[in-house]
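Q: this one's structure only:
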């Protein structure tokens, strides 16, 4: 009997990418192979995103594209958009299974001949760093966010399963492991409330446990909420030699009044205090963040406060998002939505600040040694490779294809707002 073929598409976050890899390995272990570009796949799997309206539209577009390019295929649709709007998804061409709860995934795949669902992944196709999902679910109620409705509750993986997975990935050549989840800072919260009978085991415990794995590798935390950065977290972050000194506390707004409308759990002064405390303990630490621009009611003064807060925080990189109202969230019904033209103007202005801050941080690394995980050759500049250092700085340095996937040490020479130039 000929081997069955599959094709997988992922939209959205690191957690989605991890979950797609898990499904791919389950299919491959049970007789499937990934279809070549020129052949039609027997089975298509798409992992969807619903964090914005654009995510919904892209998800529908990808399902239609898969049906068009794979005549006669059967498509499984999973992910946050499938959970939020399953009836619309079921009407799309070639869809025969809609996974509204990923806990149902083993049963869905069993109907496709997948007998054993793996507990974790062994590699991460197409990437030089591997993502490891440690928890799922969010119980916060930020007014702009739909995710708690499509990934409710909290579920943390056991530290034993996580460590086994990380060891496998390191053994298979991965030099960087990214610890991710829907709300990573709530890792272990549901088991720490006394229901499990085991002592509390939180994110900083996990850092310390994984840090004992020997070898030349590093781990990076995908994100963290400022409220979850306590003394235990900071102490562990400072002690763990494998943990990268780069953290991503999501600011969202630098105005206290906007943060209140967002229903965020901190205010600007407390946020900045956390960053300064980390700078005291972790030398040369780098911070990246997310900012939503044009939240309903955002005034010129409130936007100016956000610009000032970003400068005070000295972020190395900022991911900027224009506010996108999500049906079913309180923010969609708030008054005084900011006109598109004003949002676009503020995005441009904050983008200029972002590049200024990036350049300033990159320049601080001139003359210093950097450890670069090389991720690709520079097609636009033969004889050079591109990668990231421990602080998540994009670095360009002399190299060849043999360097891809390896650590290379170099010294910063000059900087632009896009990357740091370095040489061995």
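A: Arrived safely, thanks for sending. Every value quoted in this text rests on a predicted model; they were computed, and no experiment measured them.

Q: Looks like residue 367 contacts residue 415 (just checking).
A: No - counting by CB atoms under 8 Å, residue 367 stays clear of residue 415, with 10.9 Å between them. (Glycine included, C-beta is placed from N, CA and C.)

Q: and those two? which has more neighbours close in?
A: Legend: neighbour count by other CB atoms under 10 Å for residue 367 and residue 415, higher for residue 415 (21 against 9).

Q: you'd agree the more buried one is up against residue 359?
A: Yes - at 6.1 Å, residue 415 and residue 359 qualify as touching, with contact defined as CB under 8 Å.

Q: and this protein, what are its domains?
A: Domain ranges of the chain: 4-110, 129-363, 369-423, per automatic domain parsing.

Q: May I see those organised as TSV, with mean pLDDT and distance to residue 121 added?
A: Compiled in TSV, the domains of the chain are given as follows (pLDDT from 0 to 100; distance: least, CB to CB, whole Å):
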stretch	mean pLDDT	distance to residue 121
domain 4-110	95	5
domain 129-363	95	7
domain 369-423	96	17
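
Q: could those go into JSON lines alongside distance to residue 116?
A: Below are these laid out as JSON lines (distance: least, CB to CB, whole Å):
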{"stretch": "domain 4-110", "distance to residue 116": "7"}
{"stretch": "domain 129-363", "distance to residue 116": "15"}
{"stretch": "domain 369-423", "distance to residue 116": "29"}
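
Q: Among those domains, which comes closest to residue 123?
A: With CB to CB as the criterion, residue 123 lies closest to domain 129-363 of the domains of the chain, at 5.3 Å.

Q: distance between the ends of that closest one?
A: 25 Å (CA to CA, to the nearest Å).

Q: ok, now stretch 136-155?
A: OK, stretch 136-155 end separation, CA to CA: 5 Å.

Q: Would you mind listing the buried residues in it?
A: Neighbour-count burial for stretch 136-155, counted by 16 or more other CB atoms under 10 Å, picks out 136-138, 142-151, 154.

Q: One more: stretch 208-221?
A: 209-210, 217-221.

Q: what do you get for stretch 161-181?
A: Of all the residues in stretch 161-181, those buried under the rule 16+ other CB under 10 Å are 162-163, 165-166, 169-170, 174-181.

Q: Mind checking which of those residues are in strands?
A: With DSSP state E as the criterion, strands contain 176-181 from among those.

Q: so residue 287 touches residue 248, yeah?
A: Yes - using CB under 8 Å, residue 287 is in contact with residue 248, at 7.5 Å.

Q: now the helices for the stretch 251-400 of the chain?
A: Taking DSSP state H, counting those that start in this stretch to define them, one finds helices in the stretch 251-400 of the chain at 256-262, 268-281, 300-313, 340-363.

Q: elements contacting the shortest one?
A: Using 3 or more CB pairs under 8 Å, 6 or more residues apart in numbering; DSSP states H and E as the contact criterion, the neighbours of helix 256-262 among helices and strands are helix 300-313.

Q: Repeat that for the third one.
A: Where contact means 3+ CB pairs under 8 Å, 6+ apart, helix 300-313 is packed against helix 256-262, helix 268-281, strand 286-293, helix 340-363.

Q: distance between it and the chain's centre?
A: Centroid separation for helix 300-313 versus its chain: 25 Å, with CA atoms, centre = their mean, to the nearest Å.

Q: Which positions in that helix come out as buried?
A: Across helix 300-313, burial judged by 16+ other CB under 10 Å covers 302-303, 305-307, 309-310, 313.

Q: Reformat those as TSV; add distance to residue 363.
A: Output for those, formatted as TSV (distance: CB to CB, whole Å):
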residue	distance to residue 363
302	30
303	27
305	26
306	24
307	21
309	22
310	18
313	18
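
Q: Which one of those residues is nearest to residue 81?
A: Taking CB to CB as the measure, residue 306 is the one of the buried residues of helix 300-313 closest to residue 81, at 29.4 Å.
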